[in-house]
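# when you get a sec, could you give me coordinates for this:
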Amino acid sequence: MLAAVLVSSLTWSGTAQAHGSVVGPASRAYHCWEEWGDDHMNPAMQQEDPMCWQAFQANPNTMWNWMSMLQDGLGGQFESRIPSGKLCSNNLSNFESLNKPGAWKTTDVGDNFSVHLHDQASHGADFFRVYVSKQGFDPKTQSLGWDDLDFITETGSFAPATDITFPVQTSGYSGHHIVFTIWQASHLDQAYLMCSDVNFG
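Sure thing, here's the model as predicted:
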């Protein structure tokens, strides 16, 4: 028990030097941290939030390092460098559990919603690309691939800031979908690929 607490403390201190993530609609890793970070020893997680539970069992760093889902040097070659089925983890082994289909908790959204990035290190952005999983794709039974996505928008650049929010306009979606966001940070060739589970009302 003490060892687990020490490991958690050490990993959490590493997060303080980390980067950022989409917090609205909550990315999978951020949701798990927001919901269970202060209560990760609660056995209720297994029943109430089984996808976060399996992620925490696979690797606690999935939760603690929710701001660190980055790949350096992709050169914008996202589709050729990140395999289908590995999009929600950004092809990072520490986050492999985020690729698993299942009953991920969703954020309710309408056709028009906002994406909110929290960037503790204030890197800014060259751009964001936002996609939505196609109507008929089932996040409960399917891992996300490039062919499962509809491209929605690409933004322009954003100056360094702790919080960046921008609007997204969609139509024709209903039920559980994945909003897939690529954040190309400005300070280096550093890309963050993240999945947010939403429910279009």
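
# just the element for residue 66, please.
Using DSSP states H and E, residue 66 sits in no helix or strand.

# for it, give me the pLDDT.
Each residue has a pLDDT score; the one for residue 66 is 90.

# I'd guessed residue 105 sits against residue 35; true?
Yes: with contact defined as Cβ atoms under 8 Å, residue 105 counts as touching residue 35 (7.4 Å). Bear in mind the C-beta positions are built from the backbone N, C-alpha and C, glycine included.

# find residues that contact each of those two.
49, 52 (Cβ atoms under 8 Å, 6 or more residues apart in numbering).

# least trustworthy helix or strand in the chain by mean pLDDT?
helix 2-15 (a mean of 36; mean pLDDT, DSSP states H and E).

# C-terminal to that one, what's the next element?
The helix or strand immediately downstream of helix 2-15 is strand 20-24, counting by DSSP H and E.

# tilt between the helix or strand following that following strand and strand 20-24?
Downstream of strand 20-24, the first helix or strand assigned by DSSP H and E is helix 28-36. Angle of helix 28-36 versus strand 20-24, following axes from the mean of the first three to the mean of the last three Cα atoms, to 10 degrees, is 70 degrees.

# contacts for helix 28-36, please.
21-23, 26, 42, 45, 49, 51-52, 55-56, 62-66, 69, 88, 95, 98, 104-105, 194-197.

# just stretch 159-169 next, same as before
By Cβ under 8 Å, 6+ apart, stretch 159-169 touches 24, 111-120, 122-125, 128, 130, 152-153, 155, 158, 179, 186-187.

# 7 Å - rerun?
111-120, 122-125, 128, 130, 152-153, 155, 158 (Cβ atoms under 7 Å, 6 or more residues apart in numbering).

# which ones among these map onto helices?
Residues of the contacts of stretch 159-169 located in helices (DSSP state H): none.

# need the strands for the chain, in chain order.
Using DSSP state E, the strands found in the chain span residues 20-24, 70-72, 107-109, 112-119, 125-133, 149-154, 163-169, 175-185, 190-200.

# adjacent strands (with direction) for the second one?
What that stands for is strand 70-72. Its sheet considered, strand 70-72 pairs with strand 190-200 (antiparallel) by DSSP bridges.

# and the residue nearest to residue 59 when sequence neighbours are not counted, how many neighbours does it have?
Closest residue to residue 59 apart from its sequence neighbours, by Cβ to Cβ, 6 or more residues apart in numbering: residue 94 at 5.5 Å. The number of residues packed near residue 94 is 18, by other Cβ atoms under 10 Å.

# which ones are touching residue 94?
For residue 94, the contacting residues are 59, 61-62, 65, by Cβ under 7 Å, 6+ apart.
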